[in-house]
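>>> What follows is a predicted protein model with its sequence.
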Amino acid sequence: MGHSHDHKHSHTHTDLKGRNLVVSIFLNILITAAQVIGGLLSGSLSLLSDALHNFSDVVSLIVSYIANKLVRKKASLHKTFGYKRAEILAAFINAASLIVIAILLIIEAINRFNNPKEIESNLVIWLSVVAILGNGFSVLLLRKDSETNMNMKSAYLHLLTDMMASVAVLIGGLLMQFYKVFWVDSLLTFMIALYLIWMGWDLLKQSTKVLMLFTPDDIPVSKIVEEINTLPSIKNIHHVHIWQLNEEETHLEAHIDFYKDITLSEFDEILHKIEAMVFEKYHINHVNIQPEFGKEDAKDIIVQD
């Protein structure tokens, strides 16, 4: 038996979220194309690295957009949960891509630092300004949704880090223009890459925990077990699993051993009490309990399936 707490989202909000992603995708395609051309013409590695990061933004935004559409599809006989994990998977892919790109940039920055080249700084300056404006607008579009959705947060972080990287490139362009310190291009690339790793790592850990069905950090399993065990007629709660399906659904699955052979209606009353308890205190909104009486099985809280 289980319980499902309704989560109502208006189609208008979801459509707006999708539209904002589309706008951001097209903006980043234009920025990427301009920076690739500008980087090749100017010889700036930091501009090319920013272009590469922008290209990763395009890919991540497309993945986020597809996930945003998939999550709205209904469940079926072959997909009983539907595509509710699509956005978590998108967040994982985006975070992993950030880190991989950052490592590649570090390698290239070290190579370029050992062999600095003269760079056409005027082009670097103007294109970095264009990137700041474009990414800044995209950041504003996604900021609100990033506060409540892991997928949108991953897209938002891609755009925010790229805007900050463009600011660094602009500063580097100004330094090269007025002081002719061309090694700063490699230094900025290295710093951008380190920042990408720092931003991506936390999101990678969060999405991995959800995909691996780990218990959320803020849910104390032992305490929940103690509280449920205090209910009358419950002898023992064991074989407990608590996990997140996505950012909106947290599931509790367990076996409960009863002192006596209770009726189905009595079990329903106890189940409703458990549902109310775990929802109000721990925001667990899906409960699935297997009732038992006199069954010989492992009674440990955690049982290896």
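Done, it's in.

>>> How many residues are close by residue 147?
10 (other C-beta atoms under 10 Å). C-beta here means a position set from N, CA and C on the backbone, and glycine is covered the same way.

>>> Same question for the one 3 residues further on.
Neighbour count of residue 150, defined by other C-beta under 10 Å: 21.

>>> How much space separates it from residue 248?
Here residue 150 is placed at a distance of 10 Å from residue 248 (C-beta to C-beta, to the nearest Å).

>>> swap in residue 233?
Taking C-beta to C-beta as the measure, residue 233 falls 32 Å from residue 248.

>>> more neighbours, the two?
Set residue 233 next to residue 248 and count neighbours by other C-beta under 10 Å: residue 248 wins out with 16 against 13.

>>> Dihedrals phi and psi, the more buried one?
phi -110, psi -20 (degrees, to the nearest 10).

>>> Could you do residue 201 as well?
Torsion angles, degrees, to the nearest 10, at residue 201: phi -60, psi -40.

>>> contacting residues around it?
95, 99 (C-beta atoms under 8 Å, 6 or more residues apart in numbering).

>>> Where do the helices of the stretch 51-200 of the chain begin and end?
86-114, 121-146, 150-179, 184-211 (DSSP state H, counting those that start in this stretch).

>>> And the first one, what does it pack against?
Counting contacts by 3 or more C-beta pairs under 8 Å, 6 or more residues apart in numbering; DSSP states H and E, helix 86-114 is packed against helix 45-70, helix 150-179, helix 184-211.

>>> again, but for the shortest one
Helix 121-146 makes packing contacts with helix 11-42, helix 45-70, helix 150-179 when contacts are defined by 3+ C-beta pairs under 8 Å, 6+ apart.

>>> how much distance is there from the first one to the middle of the chain?
For helix 11-42, the distance from its own C-alpha centre to the chain's C-alpha centre is 19 Å (C-alpha atoms, centre = their mean, to the nearest Å).

>>> Stretch 199-216 too?
Stretch 199-216 has its C-alpha centroid displaced from the chain centroid by 8 Å (C-alpha atoms, centre = their mean).

>>> Provide the secondary structure category for residue 246.
Classification of residue 246 by DSSP: H, G, I helix; E, B strand; the rest coil places it in coil.

>>> what number of residues lie near it?
Neighbours of residue 246 (other C-beta under 10 Å): 20.

>>> now residue 106
When neighbours are counted by other C-beta under 10 Å, residue 106 comes out with 19.

>>> Please apply the same query to residue 278.
Close neighbours of residue 278, defined as other C-beta under 10 Å, add up to 22.

>>> all numbers from here: first residue = 554
I'll keep to 554 as the first residue from here, and by that count the last item is residue 831.

>>> isn't there a strand covering it?
No - counting by three-state DSSP, residue 831 is not part of a strand but helix.

>>> how about the nearest residue to it once chain neighbours are set aside, what does it touch?
Using C-beta to C-beta, 6 or more residues apart in numbering and skipping the chain neighbours, the partner closest in space to residue 831 is residue 837 (4.1 Å). Listed by C-beta under 8 Å, 6+ apart, the contact set of residue 837 reads 772, 795, 803, 804, 805, 831.

>>> how close does residue 837 sit to residue 595?
Per C-beta to C-beta, residue 837 is found 55 Å from residue 595.
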